[in-house]
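A.B. asks: A predicted structure for the sequence below; I have some questions about it.
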Amino acid sequence: MIRRPRHLVNAPDVLADVGSPAAAERQAAHEYYNALPLPTASMTFSAYGNDEVKHRLNELFNYKCAYCETDFGPGMPVDVEHFRPKGRVVGPAGNLLFPGYWWLASTWANLLPSCIDCNRGRWHQLDGSHYKYGKENLFPLKGGAMPATTPAAVATEEPLLIDPAAEDPAAHLNHVYKQSPSGRSESVVEPTIGALGAEDPRGRASIEIYGLNRPRLAYSRKRMIERMKSAIDNVELLYSLADDEDHQAKKDRLKENGRLALNQIVRDYLHWMNPYAASCRAYFRKWLEDFRSNGSAP
């Protein structure tokens with residue numbers, strides 16, 4: 001998960017505050033949810049699913065899930081995800097509360113592109129056990145607070161989930177490539193640790209609810225890092241050959257080739273447009289620190 005502020009792209013015209021399909025839909029929703037007797041079923045919204053909205057979200061995140069950074073690919077549909085659930089929301093006691101944040105259903109600041117596994121509740125198997133991941137109608141708040149029921153009350157909320165279009169996930173999440181207890185390499189996402197040794201609660205909630213360590217996702221991240229490691233091995237070889245070379249022109253040429261290879265790694269793995277860029281960046285930073293501490297200076 002990496003930060004991609006919404007202002008980097010133009011907001012969709014279809015969601016404009018005035019004179020848009022979303023504006024008409026918001027007015028209809030206001031009348032629907034304030035009618036007497038109070039409604040007991042969710043209103044159907046459609047403006048947020050407009051192709052222009054999907055285009056802008058894909059432009060912002062380059063056809064990646066905002067949460068897990070999986071590339072949607074040619075065959076995977078994009079879920080237009082509501083950060084604050086529009087229809088119903090799971091309360092602190094686990095009960096489903098009605099209504100949800102209906103006034104944000106067609107609001108640009110509440111929308112993100114998501115893969116099916118991060119957005120919908122689905123079961124996953126790990127080591128013979130089954131676990132359910134996916135945001136669905138979950139939106140936990142600090143201290144078990146009740147969700148807002150009015151637009152004004154949203155400003156006082158302290159969400160436990162991370163919105164990568166509004167804040168930097170790196171403040172709450174660490175991406176770690178390590179050996180598992182069984183000796184296998186794995187790429188995992190962990191909460192950051194505070195000064196007093198406590199896990200970051202927002203990092204922990206986001207990992208568990210979005211399912212950032214679900215098996216197939218972790219495997220895909222590991223494969224990407226392993227491909228990058230092969231490219232890094234080539235960089236190390238070039239710099240090693242340069243260190244052993246006595247002829248200055250050849251030495252300079254080898255170092256230049258090493259720098260070019262590093263630039264290619266940035267383009268292929270570290271640029272925000274690439275899948276799993278956050279995990280690749282974390283691995284690369286650690287490698288570069290170790291490489292320079294050994295006397296090499298790319």
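C.D. replies: Sure, I can see it.

A.B. asks: how much space separates the residue most central in space within the chain from L241?
C.D. replies: The C-alpha lying nearest the average C-alpha coordinate of the chain belongs to Y67 (Cα atoms, centre = their mean; 2.2 Å). Distance, Y67 to L241, using Cβ to Cβ, to the nearest Å: 42 Å. (Glycine included, C-beta is placed from N, CA and C.)

A.B. asks: count of residues packed around P12?
C.D. replies: 22 (other Cβ atoms under 10 Å).

A.B. asks: list the contacts of it.
C.D. replies: For P12, the contact set (Cβ atoms under 8 Å, 6 or more residues apart in numbering) comprises 50, 52-53, 55-56, 108.

A.B. asks: narrow the residues you listed to just the buried residues.
C.D. replies: 50, 53, 56, 108 (16 or more other Cβ atoms under 10 Å).

A.B. asks: in JSON lines: these, plus distance to Q264, secondary structure and pLDDT.
C.D. replies: Formatted as JSON lines, those follow (distance: Cβ to Cβ, whole Å; DSSP: H, G, I helix; E, B strand; the rest coil; pLDDT from 0 to 100):
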{"residue": "N50", "distance to Q264": "38", "secondary structure": "coil", "pLDDT": "96"}
{"residue": "V53", "distance to Q264": "34", "secondary structure": "helix", "pLDDT": "97"}
{"residue": "R56", "distance to Q264": "30", "secondary structure": "helix", "pLDDT": "97"}
{"residue": "W108", "distance to Q264": "35", "secondary structure": "helix", "pLDDT": "97"}
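
A.B. asks: which one of those residues is nearest to S220?
C.D. replies: Closest to S220 out of the buried ones among the contacts of P12 is R56 (25.7 Å), distances taken as Cβ to Cβ.

A.B. asks: from W108, how far off is the closest one?
C.D. replies: Look at R56 and W108: by Cβ to Cβ, they are 8 Å apart.

A.B. asks: how many neighbours does the residue nearest to E236 when sequence neighbours are not counted have?
C.D. replies: Residue nearest to E236 in three dimensions, not counting chain neighbours: F291, with 7.2 Å by Cβ to Cβ, 6 or more residues apart in numbering. By other Cβ under 10 Å, the residues close to F291 number 17.

A.B. asks: before we move on, what SS does F291 have?
C.D. replies: Here F291 is recorded as helix under DSSP: H, G, I helix; E, B strand; the rest coil.

A.B. asks: that one touches S240, doesn't it?
C.D. replies: No. Assessed by Cβ atoms under 8 Å, F291 is found out of contact with S240, at 10.8 Å.

A.B. asks: now tabulate the buried ones among the contacts of P12 in CSV and tack on distance to P39.
C.D. replies: Below are these laid out as CSV (distance: Cβ to Cβ, whole Å):
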residue, distance to P39
N50, 24
V53, 25
R56, 30
W108, 25
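
A.B. asks: can you map out the strands along the stretch 151-298 of the chain?
C.D. replies: Listed in chain order, the strands of the stretch 151-298 of the chain (DSSP state E, counting those that start in this stretch) span 173-179, 185-191.

A.B. asks: partner strands of the last one, parallel or antiparallel?
C.D. replies: Which is strand 185-191. Partner strands for strand 185-191, per DSSP bridges, with pairing direction: strand 173-179 (antiparallel).

A.B. asks: and for R56 and W108, which residues touch both?
C.D. replies: Counting by Cβ under 8 Å, 6+ apart, the common neighbours of R56 and W108 are 11-12.

A.B. asks: so which bits of the lowest-mean-pLDDT helix or strand in the chain are buried?
C.D. replies: Here the helix or strand of the chain ranked lowest by mean pLDDT, DSSP states H and E is strand 122-126, holding a mean of 72. For strand 122-126, the neighbour count (16+ other Cβ under 10 Å) marks H124 as buried.

A.B. asks: just the CA trace of that strand, in PDB.
C.D. replies: Extracted in PDB, the C-alpha atoms of strand 122-126 (Å, rounded to 0.1, in the frame of the first residue of the first chain):
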ATOM      1  CA  ARG A 122     -14.100 -14.100   1.200                       C
ATOM      2  CA  TRP A 123     -12.600 -17.200   2.800                       C
ATOM      3  CA  HIS A 124      -9.000 -18.200   2.400                       C
ATOM      4  CA  GLN A 125      -7.100 -21.300   3.400                       C
ATOM      5  CA  LEU A 126      -3.800 -21.200   5.200                       C
END
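
A.B. asks: ok, and what's touching stretch 201-213?
C.D. replies: 1, 67-68, 117-118, 124, 131, 133-135, 138, 140, 142, 159-162, 169, 172-174, 188-192, 217.
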